[in-house]
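J.: coords below, sequence missing:
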């Protein structure tokens with residue numbers, strides 16, 4: 001009851017940041033505000049209760065290694081902020097399908113040998129929640145893995161823009177198995193999408209008509225390299241665009257909004273640059289323009305959100321909830337089954353946590369920080 005057994009599909013930068021973070025914050029105090037975390041204790045589960053028990057990848061340089069070694073293996077290039085000791089979790093060979101596109105195939109060589117028995121491993125490790133970190137565009141691979149997850153009886157957190165949690169077919173499949181799913185396409189803590197969403201909502205709430213906007217992103221990780229293959233970008237562009245336009249109560253001409261990755265710059269590594277431009281009409285039809293630039297380390301920026309998502313998924317398992325989880329999906333994901341404003345979604349997820357929290361371990365509220373004198 002006290003631990004959350006987690007399996008990871010894809011031992012890339014996102015997995016690296018998540019695993020580093022669990023070790024980095026393992027002694028975080030529940031009654032203090034801890035920079036970087038939205039919840040130290042979520043519904044009775046401390047961040048240190050997250051227990052990684054399995055991982056799957058196809059890279060020959062990662063398969064067979066201890067997970068603690070694999071997360072620092074090239075082409076991973078995210079910020080190293082914590083030394084992770086040997087974990088005793090071997091990276092098993094996963095299924096490729098469409099997981100390696102044109103550009104990733106140039107830098108990643110598939111490991112030899114057969115695909116591991118995913119269902120058997122998930123059952124033997126008593127995995128509670130599986131996290132999907134496959135590359136953008138891995139639609140067939142994601143669906144293959146989901147079949148294994150359903151057969152093994154695990155909850156699922158879909159961090160990529162392959163639409164699963166929002167689709168009626170998959171909602172029913174998870175509900176029929178009595179299992180929860182959170183998705184789709186993880187938001188960062190303070191990233192391009194949530195910032196663009198909040199600005200779009202600010203325009204609407206303050207009576208400014210948004211007429212033109214773009215969001216251009218570029219970086220140096222394998223995600224941006226993979227997305228040079230434009231055929232893999234369709235679901236990503238839909239996810240990011242809808243995340244913004246869902247905050248408006250009027251339609252925008254598709255020619256007036258552009259949201260998506262633009263290029264790959266290797267020396268940036270896991271750093272991501274975002275440029276947002278918004279043009280609107282305010283009082284008296286006078287023009288108003290916002291130009292904004294953001295720089296983040298991409299993978300750590302989403303890890304804290306995943307930490308909360310998988311704990312919500314475990315709470316759902318504890319409480320026998322099944323199918324798509326509306327509140328956590330709305331707050332943590334770009335393309336949830338139902339879009340809400342971020343204020344609404346935040347309240348919904350806090351209510352979800354209170355309603356499903358373990359009765360034996362309710363978190364204390366964080367102490368307020370005193371103003372600096």
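T.: Sure thing, it's come through. Small disclaimer: the values here were computed from a predicted structure and weren't measured.

J.: separation between the residue of the chain most remote from its centre and residue 207?
T.: Residue farthest from the centre of the chain, counting by Cα atoms, centre = their mean, is residue 284 at 41.1 Å. Noted for residue 284: a distance of 12 Å to residue 207, by Cβ to Cβ, to the nearest Å. In short, each C-beta sits where N, CA and C put it, glycine included.

J.: which non-adjacent residue is nearest residue 289?
T.: residue 279 (5.2 Å; Cβ to Cβ, 6 or more residues apart in numbering).

J.: and the one you found, bridged to which residues?
T.: residue 212, residue 289 (DSSP bridges).

J.: what about it, how many neighbours?
T.: 16 (other Cβ atoms under 10 Å).

J.: can you give me the helices in the stretch 51-200 of the chain?
T.: Ranges of helices in the stretch 51-200 of the chain, per DSSP state H, counting those that start in this stretch, are 67-70, 118-124, 139-152, 168-177, 192-205.

J.: what's next to the last one, contact-wise?
T.: What that stands for is helix 192-205. 187-188, 208-210, 213, 215, 217, 240, 243-249, 259, 272, 274, 276, 278, 280, 290, 292, 294, 334, 341-342 (Cβ atoms under 8 Å, 6 or more residues apart in numbering).

J.: What residues sit buried inside that helix?
T.: 192-201, 203-204 (16 or more other Cβ atoms under 10 Å).

J.: Including distance to residue 105 and pLDDT, could those residues go into TSV?
T.: Shown next, in TSV, are the buried residues of helix 192-205 (distance: Cβ to Cβ, whole Å; pLDDT from 0 to 100):
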residue	distance to residue 105	pLDDT
192	27	94
193	28	92
194	32	94
195	33	96
196	32	96
197	34	95
198	37	96
199	37	97
200	37	97
201	40	96
203	42	97
204	43	96
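
J.: ok, back up a step: looking at the helices of the stretch 51-200 of the chain, which is closest to residue 86?
T.: helix 67-70 (5.2 Å; Cβ to Cβ).

J.: Please compute how far the closest one lies from its chain's middle.
T.: Here helix 67-70 is found 20 Å from its chain centre; the criterion is Cα atoms, centre = their mean, to the nearest Å.

J.: Can you report how many residues lie near residue 22?
T.: With other Cβ under 10 Å as criterion, residue 22 counts 20.

J.: who touches it in this structure?
T.: 47-48, 50, 52, 307.

J.: one more time with 7 Å, if that's ok
T.: 47, 50 (Cβ atoms under 7 Å, 6 or more residues apart in numbering).

J.: Quickly find the element holding it.
T.: Assigned by DSSP states H and E, residue 22 falls within helix 13-24.
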